[in-house]
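[1] my questions concern the predicted model and sequence given below.
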Amino acid sequence: MGKKTVSPINFEEKKVVRFRNLPHDEQALIRKFFGATPLGFFVDVGANHPIIESQTYHLEQSGWDGLLIEPLDCYCKLLQAQRTARVAQFACSSPKNHNKTLRIVVAGGHSTMNEFPIAVGTASSEYAEVPCRTLDSILYHYKVPHGFDFLSIDIEGHEMEMFQGFSLSKWKPRLVLLEDHVLGHDQHRFMVAGGYQLIMRTGLNSWYVAKSLGYRLTPFARLQVFRKYWLGLIGRKIRYSR
């Protein structure tokens, strides 16, 4: 007999067995998390391609509604053609950048509002001008419900600027998937200050849920958190600086 595969998390008991997980497990785990929510609402910040590596396409396919936020015109046209959710053509940034048109580095899935792409080995000399808004203003404009189900954030290193214009404790999404290369703890501190708990990672995505839900991490899972967020920090900074 083959070895039985142990699930990294028991959502019913709110017990996390394994913190670090492969990205190909992500969609199945998201569907398990929302098992009792057949028709939910998502917000996808940095939606990029409508299908390839999309965090929300599989939810839309099962009947969910949502909002796709994407600054680049080429991807917005694809999203409007291939997805049913509404599309908001903006880059999410800080209040000081609200209503401004700023330059974005165009690098496919690694396009960024920052000076350089954060992904190792990615470079681009192509730029585009894109309109900026705060995430709060976009959510209000599109009448997104407070307490919506799923928030995906993948904006390639511009997260802290976006967070300045996002009232996490007011919107209270049930699950937040935040791409975090973990080159520091600023993003994590923002989420914790907003009342959220880090429970798991799938690839580069960190999973956050309301701390009040009371998820428990096993000693092994806590060790994995320590190794990822503290022990490996210096080596990771050196690797990403090259």
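    Cool, the structure landed. Note that the coordinates shown come from a computational prediction; the quantities given were computed from them, not determined experimentally.
[2] quick one, helices of this protein?
    Using DSSP state H, the helices of the chain run over 26-33, 57-61, 73-82, 135-141, 159-163, 168-171, 186-193, 219-226, 233-241.
[3] can you lay out those helices as CSV showing distance to residue 47?
    No exception for glycine: its C-beta is placed from N, CA and C like everyone else's. Converted to CSV, those look like this (distance: least, C-beta to C-beta, whole Å):
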stretch, distance to residue 47
helix 26-33, 16
helix 57-61, 9
helix 73-82, 6
helix 135-141, 12
helix 159-163, 14
helix 168-171, 18
helix 186-193, 19
helix 219-226, 29
helix 233-241, 24
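[4] what about the closest residue to residue 83 other than its chain neighbours, distance to residue 58?
    Nearest-residue entry for residue 83: residue 50, 4.9 Å, with adjacent residues in sequence omitted and distances by C-beta to C-beta, 6 or more residues apart in numbering. Residue 50 sits 12 Å away from residue 58, going by C-beta to C-beta, to the nearest Å.
[5] likewise for residue 159?
    From residue 159 to residue 58 the distance is 23 Å (C-beta to C-beta).
[6] ok, how many other residues are close to residue 110?
    20 (other C-beta atoms under 10 Å).
[7] please report how far it lies from residue 72.
    12 Å.
[8] who's more crowded, residue 159 and residue 58?
    A count of neighbours by other C-beta under 10 Å puts residue 159 above the other of residue 159 and residue 58, at 21 against 15.
[9] was I right to think that one contacts residue 184?
    No - counting by C-beta atoms under 8 Å, residue 159 does not reach residue 184; the two are 10.8 Å apart.
[10] might you list the low-confidence residue ranges for this structure?
    1-5, 117-124, 241-242 (pLDDT under 70).
[11] change it to 50
    Residues of the chain meeting the criterion pLDDT under 50: 1-2.
[12] ok, which of the helices of the chain comes nearest residue 147?
    helix 168-171 (7.5 Å; C-beta to C-beta).
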